[in-house]
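Peer 1: Could you work out the structure for the sequence below:
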Amino acid sequence: MKAYYYLAQALLPLRHTTEALEAAKQAYSVCLETKDPSTEILSQFILRAKQAAWQSKETARLREINEALGHVEDLLDQQLERDLANVDWQYEKGEIGTAGRLEERNVLEREAEDRRKIIRKAFHDASNVESAERVVPDYLVDSISFEIMHDPVITPSGASYERSSILKHLRANGVDPLTRESLSEKQLISNVALRNVCSEFLENNGWAVDY
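Peer 2: As a prediction, this is how the structure comes out:
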């Protein structure tokens, strides 16, 4: 187990988030099989690895948005240069006078600047879409640790908890946190549906780890 965990710790700072997450999951599985109390630490590490994976994806998304904005602004500049050159050509041909030339150039530059502002706002809104409303649904949060779950289990009473949290609670108390009735590890059932929902939410909202 330690080998997997140390590997995960070494990989995460190097941005090998996928490999770090897999190593941590391996260690987590071994801990569950051997009833090693390190499951709580590993559970927290897995959440951090998922957060790092989301941050990496988010950084790439913002980079693409900025690159796209730069490309669009280049096209705007090129179009403005063509339009201004056309006005200068009309002036040289005697089709417009000095005052007309100046007026046309001012109009074109104002219109180009207005387009630039509109485009920049659109790209800015796109880059900040994730931060519009950051709320974690209550059903994704473990009521013992108050952290978002990644490996939820359900008790006979119907409540779901993060596996490492409820195992720690059972070692100390041996009763259901909700009903206070006797409860054993064997009575816990993996909540696969909720686990998939939590996983998908974290994949798209890595900030939730620090919620």
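Peer 1: In the chain, what residue spans correspond to strands?
Peer 2: 152-154, 160-162, 189-190 (DSSP state E).
Peer 1: Paired strands for the first one, with orientation please.
Peer 2: The one in question is strand 152-154. strand 160-162 (antiparallel), strand 189-190 (antiparallel) (DSSP bridges).
Peer 1: re earlier: now, of the strands of the chain, which is deepest in the fold?
Peer 2: strand 160-162 (a mean of 25; mean count of other Cβ atoms under 10 Å). Any C-beta I mention is one placed from the backbone N, CA and C, and that applies to glycine too.
Peer 1: for that strand, the distance to its chain's centre please.
Peer 2: Computed by Cα atoms, centre = their mean, to the nearest Å, the chain-centroid distance of strand 160-162 equals 23 Å.
Peer 1: cool, and stretch 71-91?
Peer 2: The answer for stretch 71-91 is 39 Å, by Cα atoms, centre = their mean.
Peer 1: got a list of contacts for it?
Peer 2: Residues from elsewhere that reach stretch 71-91, judged by Cβ atoms under 8 Å, 6 or more residues apart in numbering: 96-98, 100-101, 104-105, 108-109, 112, 115-116, 119, 123.
Peer 1: again with stretch 175-188
Peer 2: With Cβ under 8 Å, 6+ apart, stretch 175-188 has contacts from 143-144, 153-157, 159, 161, 163, 166-167, 169-170, 174.
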